[in-house]
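>>> with the sequence up front, the predicted model follows.
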Amino acid sequence: MSLERKDEHDHEGWMETKDLSPIEEVYLTTLIWLDKRLRIVDYLELLEDMYYKTNLQMPKSHTEQYNLDNKFWYWYPLYALGSFSTIAYVVAAITGALLGFYYAPSTAAPSADAAASVAYSNVLFIMGDLNFGTFLRSLHRWSAQVMTAAVFLHMLRVYFTGAYKEPRELNWIIGIVLISLTMVFGYTGYLLPWSQLSYWAGQIGVEMALSIPLIGDWVAQLIFGGFTLGEATLQRMYILHVFLLPFVVTLVIAIHIGIVWMQGIAEPH
Amino acid sequence: MSNDEPKTDGGEPKTDGSGIVPQDDQAPTWSERKERTQGLARLTYEYFERSRREDEDLRRASDYVERDVLAFPTWPHEMIRNLAITSFFLGAMFFISAAIPPHIPGPADPNSTPAVILPDWYLYWSFGLLKLTPINPELSLLGGQKLMSDRTYGVLANLVVVGVIAIVPFLNKGSARRPVEEPFWAAVGVGGVIFAFTIAVLAVQNLITDLLPMTSGELFVLTFMLPFAFAFVAYSVLKTMREGYMFELNRRYYRLRPPK
């Protein structure tokens, strides 16, 4: 009896019985070597399982069954609107992160003789002195506008093609939450330059919050930091805009798209 | 066994390791464990088993072709097209941003109220809903007083609009997809879109009444009448189109099987 340990599953013997090319042999040797130490095969199996779960076996699609592909293409731009709003959101996130380097949410005057606030003069600096600053802010603003517009049109497309129907009610409601959050995003951003328009839009916001029955005062305190606009308002808007909403909206977008992925795109009939 | 004696669950504790016995075939498998569960977990298990079986049966009964991708393949079909469209879209956005930089109004001044206070364009509809004062009902029960203040009414109108949109999928069911198939719901949609525009116009009524020969009362009436008018037109057009489709279908049918 040999003292050498016998391989229970004699992989090397198995490899010798096969007629392997050098590449295959190197590949298998590496795989077996790694697998003995790291149990790679288990993880590969997990991956395979995930693959089959994400590519579910589904019946033939309506478009295929009735050969509608030739009529489908000119609707396609309408079906890309959700994608557009996501892309615009990503652009806004990137430019927003860059703008964040040059902006401070303060209503204090930068110097004793200055009339404008720190926030406003920061925006002036970005627009006037910063290299590519005008373009950066322009891109941020335009991507926000485009995102909102795309979301509106996306909603119309979903309505008029009946894509909100039966298995997709939940995603329709998530979509409504998303469009509302998008508008809150836009509103908080609108207040940040602390210009004349920002200030009075904020004033309307406070009044709207105050006119909610029963909890109006609390809501105004919570969101606007008081009943009159000031430093607290701007800071709350800033935190909402750059910290709270990005996390929430990104998460909800991920869920929204995940559900679309799972349920499949509602095709035109 | 007297009460003061210390109890262990396995008698004397063993320190030589002989207490550890290897699992035999009696150890339950995971599916057996699941079957033995109680209450909600058991129900969950049973439902999952049922739905899995149902799924299998449906698939076996179906004469559809089984394929290994979702209905409309996300990769590569969707992704490649999206990539092309995305590049174009990004380019357009960069171009617009470079061509039309945003305007900055003057710094905030709490002491001077501007003539026109406006949010960004996408909130005009909401801003317009705050101006529904003329239709805030005065209750005779309360002696002609309003049940709620005009501002509360406006905020409530916002919630009502969002709520109505949210319950649409629970009101309109069925597999119809095309507007032609459901003229009513398409008309509701058209009315809603037009209302979003007219109410936005109402939000800037100061500007409009200056610009057009129209009193604010007339504008208010138009705000609510135009959506109905457009919805009515959309309904009639779609209904007519549907009749047309039905006519075509019937004609084909009767050509194949002429009435006796």
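Everything's here; your move.
>>> same for the helix or strand where A:Val260 lies, what does it pack against?
In this assignment (DSSP states H and E), A:Val260 forms part of helix A:245-263. Here helix A:245-263 touches helix A:81-99, helix A:169-191, going by 3 or more CB pairs under 8 Å, 6 or more residues apart in numbering or on different chains; DSSP states H and E. C-beta coordinates here come from the backbone N, C-alpha and C atoms, glycine included.
>>> lowest-confidence helix or strand of chain A?
helix A:62-65 (a mean of 60; mean pLDDT, DSSP states H and E).
>>> show me where pLDDT drops low in chain B?
Within chain B, the stretches with pLDDT under 70 are B:1-25, B:48, B:55, B:62-78, B:137-147.
>>> now the helices: where do they sit in it?
Along chain B, counting by DSSP state H, helices occupy B:30-36, B:39-61, B:79-99, B:124-129, B:150-171, B:183-203, B:205-211, B:216-256.
>>> so which of these is the most packed in?
Mean neighbour counts were compared across the helices of chain B using mean count of other CB atoms under 10 Å in any protein chain shown; the top stretch is helix B:124-129, at a mean of 22.
>>> can you list the residues that contact it?
Here helix B:124-129 makes contact (CB atoms under 8 Å, 6 or more residues apart in numbering or on different chains) with A:183, A:204, B:118-119, B:154, B:157-158, B:161, B:196, B:199-204, B:223.
>>> what's the farthest-apart pair in these?
Pairwise distances across the contacts of helix B:124-129 (CB to CB) peak at 20.7 Å, for the pair A:Met183 and B:Thr223.
>>> before we move on, back to that, got JSON lines for the helices of chain B, with distance to A:Phe160 too?
Formatted as JSON lines, the helices of chain B follow (distance: least, CB to CB, whole Å):
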{"stretch": "helix B:30-36", "distance to A:Phe160": "45"}
{"stretch": "helix B:39-61", "distance to A:Phe160": "31"}
{"stretch": "helix B:79-99", "distance to A:Phe160": "20"}
{"stretch": "helix B:124-129", "distance to A:Phe160": "18"}
{"stretch": "helix B:150-171", "distance to A:Phe160": "12"}
{"stretch": "helix B:183-203", "distance to A:Phe160": "6"}
{"stretch": "helix B:205-211", "distance to A:Phe160": "28"}
{"stretch": "helix B:216-256", "distance to A:Phe160": "10"}
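>>> quick one, which of the ones you listed gets closest to A:Glu25.
Closest of the helices of chain B to A:Glu25 is helix B:79-99, at 35.8 Å (criterion: CB to CB).
>>> name the helices or strands packed onto that closest one?
The helices and strands touching helix B:79-99, judged by 3+ CB pairs under 8 Å, 6+ apart, are helix A:81-99, helix A:133-160.
>>> B:Leu202 is in contact with B:Thr223, correct?
Yes: in this structure, B:Thr223 is within contact of B:Leu202 by CB atoms under 8 Å, at 4.8 Å.
>>> in chain B, which residue is most central in space?
Using CA atoms, centre = their mean, the residue of chain B that lies closest to the mean C-alpha position is B:Ala166, 5.8 Å off.
>>> in contact with it, which residues?
A:172-173, A:176 are the contacts of B:Ala166 under CB under 8 Å, 6+ apart.
>>> again, 7 Å this time
If you count contacts by CB atoms under 7 Å, 6 or more residues apart in numbering or on different chains, B:Ala166 has them with A:173, A:176.
>>> coming back round to it: figure out which of the helices and strands packed on helix A:245-263 is closest to A:Leu214.
A:Leu214 lies closest to helix A:169-191 among the helices and strands packed on helix A:245-263, at 21.0 Å (CB to CB).
>>> list of residues touching that closest one?
With CB under 7 Å, 6+ apart as the contact definition, helix A:169-191 has outside contacts at A:144, A:147-148, A:151, A:155, A:164, A:198, A:201-202, A:205, A:234, A:237, A:240-241, A:245, A:248-249, A:252-253, A:255-256, A:259-260, B:119-120, B:122-123, B:162, B:165-166, B:169-170.
>>> is the next helix or strand after that helix anywhere near chain B?
Proceeding N to C from helix A:169-191, the next assigned helix or strand is helix A:196-210, under DSSP H and E. Yes: using CB under 7 Å from any CB of the partner chain, helix A:196-210 reaches chain B at A:196-201, A:204, A:207-208.
>>> buried ones in the following helix or strand past helix A:196-210?
Next helix or strand after helix A:196-210 toward the C-terminus (DSSP H and E): helix A:216-224. Across helix A:216-224, burial judged by 16 or more other CB atoms under 10 Å in any protein chain shown covers A:216, A:219-220, A:223-224.
>>> domains in chain A, as residue ranges please.
A:13-54, A:73-263 (automatic domain parsing).
>>> can you list those in CSV and add mean pLDDT and distance to B:Phe232?
Formatted as CSV, the domains of chain A follow (pLDDT from 0 to 100; distance: least, CB to CB, whole Å):
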stretch, mean pLDDT, distance to B:Phe232
domain A:13-54, 79, 46
domain A:73-263, 91, 17
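>>> redo those as TSV? Include distance to B:Val188.
As requested, the domains of chain A are exported to TSV (distance: least, CB to CB, whole Å):
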stretch	distance to B:Val188
domain A:13-54	36
domain A:73-263	9
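>>> right, so the ones you listed: which one is the most enclosed?
The most buried one of those (mean count of other CB under 10 Å) is domain A:73-263, showing a mean of 18.
>>> chain center to that one, what's the gap?
13 Å (CA atoms, centre = their mean, to the nearest Å).
>>> circling back: and of the buried residues of helix A:216-224, the nearest to chain B?
A:Gly216 (8.4 Å; CB to the nearest CB).
>>> for the closest one, what are its contacts?
Contacts for A:Gly216 (CB under 7 Å, 6+ apart) come out as A:209-210.
>>> touching chain A at all, stretch B:186-202?
Yes: judged by CB under 7 Å from any CB, stretch B:186-202 comes into contact with chain A through B:186, B:189, B:193.
>>> closest one of the residues you listed to chain A?
Nearest to chain A among these: B:Gly189, at 5.0 Å, using CB to the nearest CB.
>>> excluding chain neighbours, what is closest to the closest one?
A:Tyr159 (5.0 Å; CB to CB, 6 or more residues apart in numbering or on different chains).
>>> quick one: B:Leu238 and B:Pro183 touch, right?
Yes: taking contacts as CB atoms under 7 Å, B:Leu238 lies within contact range of B:Pro183: 3.7 Å.
>>> which one is whichever residue of the stretch 151-260 of chain B sits closest to chain A nearest to, not counting chain neighbours?
Nearest residue of the stretch 151-260 of chain B to chain A (CB to the nearest CB) works out as B:Arg151 at 3.4 Å. Distances taken as CB to CB, 6+ apart place A:Ser211 nearest to B:Arg151, at 3.4 Å, with adjacent residues excluded.
>>> for A:Gly230, give me phi and psi.
The phi and psi values for A:Gly230, taken as degrees, to the nearest 10, are phi -170, psi -160.
>>> tell me how far the residue nearest to the centre of chain B lies from A:Val177.
9 Å (CB to CB, to the nearest Å).
>>> A:Asp129 now?
Look at A:Asp129 and A:Val177: by CB to CB, they are 39 Å apart.
>>> check A:Ser195 too.
Per CB to CB, A:Ser195 is found 29 Å from A:Val177.
>>> likewise for B:Phe197?
According to CB to CB, B:Phe197 and A:Val177 sit 24 Å apart.
>>> report the distance from stretch A:10-26 to the chain centre.
47 Å.
>>> what is the end-to-end distance of that stretch?
With CA to CA, to the nearest Å applied, stretch A:10-26 spans 17 Å between its terminal residues.
>>> and what of stretch B:95-112?
One end of stretch B:95-112 to the other measures 36 Å (CA to CA).
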